[in-house]
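Asker: Mind looking at a prediction? Sequence and model below.
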Amino acid sequence: MGSKIYVGGLPYAATEQQLSDLFAQHGAVESARVITDKFTGQSRGFGFVEMTASEDAQKAIAALNGTQMDGRTLTVNEAKPMEPRTGGGGGRGGFGGGAGRNSGGGGGGNRGRW
């Protein structure tokens with residue numbers, strides 16, 4: 001089984017072919033993907049590379065992390081599985097947000113009376 005590598009700090013003009021070529025210097029590349037914005041189609045500045053052998057992936061991480069590509073510093077490390085998203089907007093919704101809005105409104109009312 002191959003190893004998936006996260007590559008951050010990519011130049012926005014970087015292509016999947018360039019990413020693949022960069023990692024191919026360190027071993028066999030199964031796939032290379034530059035992540036793009038689903039609305040604009042523009043690169044989001046990061047991507048993933050899958051390498052056939054774990055040893056090659058470790059060599060590539062050691063060799064490429066902190067290096068420059070078109071003036072941008074690359075962050076290269078082992079990709080972590082994506083955390084499952086919780087429904088309902090996560091921690092930003094709920095009671096805390098409502099309390100902030102309510103107390104702000106009350107404060108405004110007090111200012112108006114003085």
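Answerer: Sure thing, it's come through.

Asker: From now on I want contacts and neighbour counts done on CA atoms only, so please keep to that.
Answerer: OK.

Asker: Now do the phi/psi pair for Ile61.
Answerer: phi -60, psi -50 (degrees, to the nearest 10).

Asker: and it, how far is that from Lys4?
Answerer: The gap separating Ile61 from Lys4 is 11 Å, by C-alpha to C-alpha, to the nearest Å.

Asker: Secondary structure element holding the residue nearest in space to the middle of the chain?
Answerer: The centroid of the chain falls nearest to Phe46 when counting by C-alpha atoms, centre = their mean (5.9 Å). Using DSSP states H and E, the element containing Phe46 is strand 43-51.

Asker: Can you give the strand pairings for that strand, parallel or anti for each?
Answerer: Applying DSSP bridges, strand 43-51 is found paired with strand 3-8 (antiparallel), strand 29-36 (antiparallel).

Asker: Need those strands in JSON lines (columns: distance to Thr67).
Answerer: As requested, those are arranged in JSON lines below (distance: least, C-alpha to C-alpha, whole Å):
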{"stretch": "strand 3-8", "distance to Thr67": "11"}
{"stretch": "strand 29-36", "distance to Thr67": "18"}
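
Asker: quick one, what contacts the closest residue in space to the residue nearest to the centre of the chain that isn't next to it in sequence?
Answerer: Closest residue to Phe46 apart from its sequence neighbours, by C-alpha to C-alpha, 6 or more residues apart in numbering: Gly8 at 4.3 Å. The neighbours of Gly8, taking C-alpha atoms under 8 Å, 6 or more residues apart in numbering as the test, are Gly45, Phe46, Gly47, Leu74, Thr75, Val76.

Asker: quick one: the nearest residue to Ala53 once chain neighbours are set aside and Phe48, what's the gap?
Answerer: The shortest distance from Ala53 to any non-neighbouring residue, by C-alpha to C-alpha, 6+ apart, is to Gly2 (5.4 Å). Here the criterion is C-alpha to C-alpha. By it, Gly2 lies 12 Å from Phe48.

Asker: So for these two, which residue has more residues nearby?
Answerer: Legend: neighbour count by other C-alpha atoms under 10 Å for Gly2 and Phe48, higher for Phe48 (22 against 16).
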